[in-house]
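> no letters, just coordinates:
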């Protein structure tokens, strides 16, 4: 008989048996759980990276569209293309030159210049198009510099 320490009396205490293998997880169970966690984390990182790339691609498309629209408006108003992208800001066709979402710089935009006017050799050549300065490949396997 076991003695009850709270009351000091000898009462029959239920026998407690702890099975040796039931106190925790086995090594195999821990490895399976860790493997599942690593797989899920890898999927999460891949989805996050893909989402960031899609957001940057959408920003690039928007920036290119707005700058090309400003170039077209400048040409419609002035009858010539702007000498640089900075002219679009100075003349208030755009508020500022946005940074390229992939190079994170305003200075990496690649500009295409117009052809010299054969009928007017003194006419200035200007920016007719703008493209990204990034050498990375898009999710659709095209180069950002070709957009």
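Sure thing, it's come through. Computed from a prediction, not measured in an experiment: that's the story for all the values here.
> now for this protein, the helix or strand with the poorest mean pLDDT.
strand 2-3 (a mean of 55; mean pLDDT, DSSP states H and E).
> quick check, pLDDT for residue 21.
Listed pLDDT for residue 21 reads 54.
> please read the previous query as pertaining to residue 7.
Taking residue 7 on its own, its pLDDT is 58.
> which residue is the nearest non-sequential neighbour of residue 116?
residue 125 (5.6 Å; CB to CB, 6 or more residues apart in numbering). C-beta here means a position set from N, CA and C on the backbone, and glycine is covered the same way.
> mind giving me the packing neighbours of the lengthiest helix in the chain?
Longest helix of the chain, by residue count under DSSP state H: helix 27-78. On a contact count with 3 or more CB pairs under 8 Å, 6 or more residues apart in numbering; DSSP states H and E, helix 27-78 meets helix 85-90, strand 127-131.
> what's the most buried one of those?
Of these, the one with the most neighbours on average (mean count of other CB atoms under 10 Å) is strand 127-131, at a mean of 19.
> contact partners for the nearest residue to residue 97 once chain neighbours are set aside?
Distances taken as CB to CB, 6+ apart place residue 106 nearest to residue 97, at 4.7 Å, with adjacent residues excluded. Residues in contact with residue 106 (CB atoms under 8 Å, 6 or more residues apart in numbering) are 96, 97, 98, 99, 100.
> ok, the first one touching residue 88?
No - shown here, residue 96 and residue 88 do not form a contact pair, counting by CB atoms under 8 Å, at 9.5 Å.
> mind checking which of the contacts of residue 106 land in strands?
Per DSSP state E, strands hold no members of the contacts of residue 106.
> mind putting those into TSV with neighbour count?
Formatted as TSV, the contacts of residue 106 follow (neighbours: other CB atoms under 10 Å):
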residue	neighbour count
96	10
97	17
98	16
99	15
100	24
